[in-house]
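1. Just the structure for this:
(2 chains)
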Amino acid sequence: MSFINYSSREINCKIVYYGPGLCGKTTNLQFIYKRMNPEARGKMISLATESERTLFFDFLPLSLGEIRGFKTRFHLYTVPGQVFYDASRRLILRGVDGVVFCADSQLTRVDANEESMENLRVNLREQGYDPDKLPLVIQYNKRDLPNVASLAELHALLNRRNVPEFEAAATTGAGVFETLKSVIKLVLIDLKKGGR
Amino acid sequence: MSQGNFILREPEYEAFLSALRKLLADASAKVVFLVDKNGTLLASAGDIAGFDTTSMASLAAGNIAATGGLANLIGEKEFSILFHEGERDNMHISVVAERLILVVVFDRRSSVGLVRLRVRQATARLTEVMAAVQAAGEGEPGEIEELTEADIESLFK
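-> Purely as a prediction, here's the structure:
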């Protein structure tokens, strides 16, 4: 649910990075934070455990300039990926405008990706969204590691909607901004259509 | 989708601001914020220079969401008021009209009792304005629907 303020001429949208534990959601946000012009981004907040696992969420606000006189602001959130934090994931999905599903390409994480994608669909439905219509992009992360599944295999398992998909290595930043741009475009196109 | 976009127009924005300014003065508060439950700041009053309002809005919404989750676990719908006491400053957070969060930051020049009283009074006014927001939102399509793909593309040049 985007927030449009005609008085201050601002559009605010919420984008959530979803995916299994340790797939690189926080790393995506950290890379965006490091590379964005400081004037275009706010403070990054991480509610994490002492061992730097996400406990509740990470939050990074971005301002991307104006379209038709409206300032565009995007609030990026990550969810905690670990299975037992499901209640927190549901809360963070409230009011979401677009999702980046971050998949871990390693062969050993194939099941975890599928489980997380299914969990996303269930939680979206629970929040009143149609999981087949909400703007979604998929990022196949960790492509720089050995023992990764093929793209065709990952596509077949995770991308039944045939949404935009990107290869990435979030630690080096490869694919991070391509993914972000893609989801932002989808969210704005969806907004233009007047909601879902 | 369960809810449409949240569209705030000039008259309702000004009405929110005026209710917040009144609350700021009546409660002798330092700052007051109005946030939507998804973590976006709608309006604020007071000296916000020293505050990261975007982060505060997001965390206040996270706070309400998390305590709402706790409330559900004991069979409550939500905890509609939260109070955080600090050494110097305190924070009173309350849910307004089911969709909004009102945050009041105050120090020893005020008291929790006074803030609670004034928040209750302000909530009635904010609820009326929210009803107007919802009524206005159902009107004619705004400029957003006229955005072109070229407009969107221009963000990335």
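
2. Count the residues that sit near the nearest residue to A:Lys142 once chain neighbours are set aside.
-> Nearest non-adjacent residue to A:Lys142, counting by Cβ to Cβ, 6 or more residues apart in numbering or on different chains: A:Ser105, 4.8 Å away. Every residue, glycine included, has its C-beta placed from N, CA and C. For A:Ser105, the neighbour count with other Cβ atoms under 10 Å in any protein chain shown is 26.

3. Quick one: residues contacting A:Ser105.
-> A:Tyr140, A:Asn141, A:Lys142, A:Arg143, A:Leu145, A:Val148, A:Ala149, A:Leu154 (Cβ atoms under 8 Å, 6 or more residues apart in numbering or on different chains).

4. partners of the first one in the sheet?
-> Under the criterion DSSP bridges, A:Tyr140 forms beta bridges with A:Ala103, A:Glu167.

5. For the residue nearest to A:Lys142, give me the backbone phi and psi.
-> phi -70, psi -10 (degrees, to the nearest 10).

6. Identify the residues contacting A:Ser7.
-> So A:Ser7 contacts B:Leu8, B:Arg9, B:Glu10, B:Tyr13, B:Glu14 (Cβ under 8 Å, 6+ apart).

7. And the strands in chain B, which stretches?
-> Along chain B, the segments classed as strands by DSSP state E run B:6-8, B:31-36, B:41-46, B:81-85, B:90-96, B:100-106.

8. Turn those into a markdown table, columns for mean pLDDT, distance to chain A and mean neighbour count.
-> Shown next, in a markdown table, are the strands of chain B (pLDDT from 0 to 100; distance: least, Cβ to the nearest Cβ, whole Å; neighbours: other Cβ atoms under 10 Å in any protein chain shown):
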| stretch | mean pLDDT | distance to chain A | mean neighbour count |
| --- | --- | --- | --- |
| strand B:6-8 | 90 | 4 | 22 |
| strand B:31-36 | 96 | 6 | 24 |
| strand B:41-46 | 95 | 7 | 23 |
| strand B:81-85 | 94 | 15 | 13 |
| strand B:90-96 | 97 | 14 | 21 |
| strand B:100-106 | 97 | 11 | 24 |
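
9. Just give me the closest of the contacts of A:Ser105 to B:Leu24.
-> A:Asn141 (45.8 Å; Cβ to Cβ).

10. pretty sure that closest one contacts A:Val100?
-> No: at 10.1 Å, A:Asn141 does not count as touching A:Val100 under the criterion of Cβ atoms under 8 Å.

11. what about these two, which has more around it?
-> Using other Cβ under 10 Å, the more surrounded residue of A:Asn141 and A:Val100 is A:Asn141, with 30 against 24.

12. What separation is there between that one and chain B?
-> 22 Å (Cβ to the nearest Cβ, to the nearest Å).

13. which residues touch the nearest residue to that residue once chain neighbours are set aside?
-> Excluding its sequence neighbours, the residue lying closest to A:Asn141 (Cβ to Cβ, 6+ apart) is A:Gly24, at 4.4 Å. Contact analysis of A:Gly24 by Cβ under 8 Å, 6+ apart lists A:Cys102, A:Asp104, A:Asn141, A:Lys142, A:Ala168, A:Ala170, A:Thr171.

14. Please apply the same query to A:Leu60.
-> With Cβ under 8 Å, 6+ apart as the criterion, the residues that contact A:Leu60 are A:Leu29, A:Ile32, A:Tyr33, A:Arg41, A:Gly42, A:Met44, A:Ile45, A:His75, A:Leu76.

15. Please, where are all the helices along chain B?
-> Ranges of helices within chain B are B:10-26, B:53-73, B:112-137, B:149-154, based on DSSP state H.

16. Is the third one positioned near chain A?
-> No: contact of helix B:112-137 with chain A is not found when judged by Cβ under 8 Å from any Cβ of the partner chain; the minimum separation is 9.4 Å.

17. I'd like to know which elements that helix is packed against.
-> strand B:6-8, helix B:10-26, strand B:81-85, strand B:90-96, strand B:100-106 (3 or more Cβ pairs under 8 Å, 6 or more residues apart in numbering or on different chains; DSSP states H and E).

18. Any idea how far that helix is from the middle of the chain?
-> 10 Å (Cα atoms, centre = their mean, to the nearest Å).

19. buried sites along it?
-> For helix B:112-137, the neighbour count (16 or more other Cβ atoms under 10 Å in any protein chain shown) marks B:Val115, B:Arg118, B:Val119, B:Ala122, B:Thr123, B:Arg125, B:Leu126, B:Val129, B:Met130, B:Val133, B:Gly137 as buried.

20. go on, stretch A:81-93?
-> A:Gly81, A:Gln82, A:Tyr85, A:Ser88, A:Arg89, A:Arg90, A:Leu91, A:Ile92, A:Leu93.

21. ditto for stretch A:5-16
-> Counting neighbours by 16+ other Cβ under 10 Å, stretch A:5-16 gives A:Asn5, A:Tyr6, A:Ser7, A:Glu10, A:Ile11, A:Asn12, A:Cys13, A:Lys14, A:Ile15, A:Val16 as buried.

22. what do you get for stretch B:55-73?
-> B:55-68.

23. Right, I'll call it a day here.
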